[in-house]
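[1] fold the following for me, if possible:
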Amino acid sequence: MGPSYAYASWGKRVGAWALDFFIPFIIAGICFKISIPLGAIVYLVAVVWTFYNIFQGGKTGSRWGQKIIGIRMLKEATGQPLGGGLAIGRAFVHIIDGIPCYVGYLWPLWDSKKQTFADKIIGSVVVSG
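    You can find the predicted model right below:
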């Protein structure tokens, strides 16, 4: 049996997601309104930042937004960070969360381990602290 965890709430997960992904692309959208070339550059920077942030989050256990909110993503079995490659893979597996009317993103609301479908597939948990 693996370590026990204080699982992160859905609200904390959404807050971290907003900081990690939503805000950089909102900034890019604002820059597009100012200037299309500027917006294109900032959008490209946001994409590169997103992949870097996911990779680093896998290595350290927390993406930038997760650090601010105070949550970590770990391998359920070991309690260790996922690693950069598995974190990138987890990001792509989140596509499955959206397939059945996005219910996979809501799954942590009633799941005992507060996992999305991607977390279950990858074997990850998001914990407070």
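
[2] how about the strands in this structure?
    In chain order, the chain shows strands spanning 71-75, 124-128, with DSSP state E as the criterion.

[3] quick check: A18 touching G65?
    Yes. If you go by CB atoms under 8 Å, A18 and G65 touch, sitting 7.0 Å apart. The C-beta positions use only the backbone N, C-alpha and C, and glycine is treated the same way.

[4] neighbour count winner among these two?
    Using other CB atoms under 10 Å as the criterion, A18 and G65 rank with G65 on top: 21 against 13.

[5] I'd like the distance between R63 and A8.
    In this view, R63 and A8 are 13 Å apart by CB to CB, to the nearest Å.

[6] who has more neighbours, the two?
    Just comparing R63 and A8: by other CB under 10 Å the higher neighbour count belongs to R63, 27 against 23.

[7] contacting residues around that one?
    For R63, the contacting residues are 16, 20, 53-54, 56-57, 73, by CB atoms under 8 Å, 6 or more residues apart in numbering.

[8] any idea which of these is the one closest to I99?
    I54 (20.3 Å; CB to CB).

[9] dump the residue contacts of G89.
    G89 neighbours (CB under 8 Å, 6+ apart): I122.

[10] check what pLDDT it gets.
    At G89, the model reports a pLDDT of 97.

[11] what does L74 give?
    97.

[12] what do A18 and G65 both touch?
    Common contact partners of A18 and G65 (CB under 8 Å, 6+ apart): none.

[13] which non-adjacent residue is nearest the residue sitting nearest the centre point of the chain?
    Closest residue to the average C-alpha location of the chain: W17 at 5.5 Å, with CA atoms, centre = their mean. Once flanking residues are discounted, W17 sits nearest to G65: 6.9 Å by CB to CB, 6 or more residues apart in numbering.

[14] next one: that neighbour from L74, what distance?
    16 Å.

[15] now G83: closest residue in space, sequence neighbours ignored.
    G83's closest residue in space is G58 (CB to CB, 6+ apart), at 5.2 Å.
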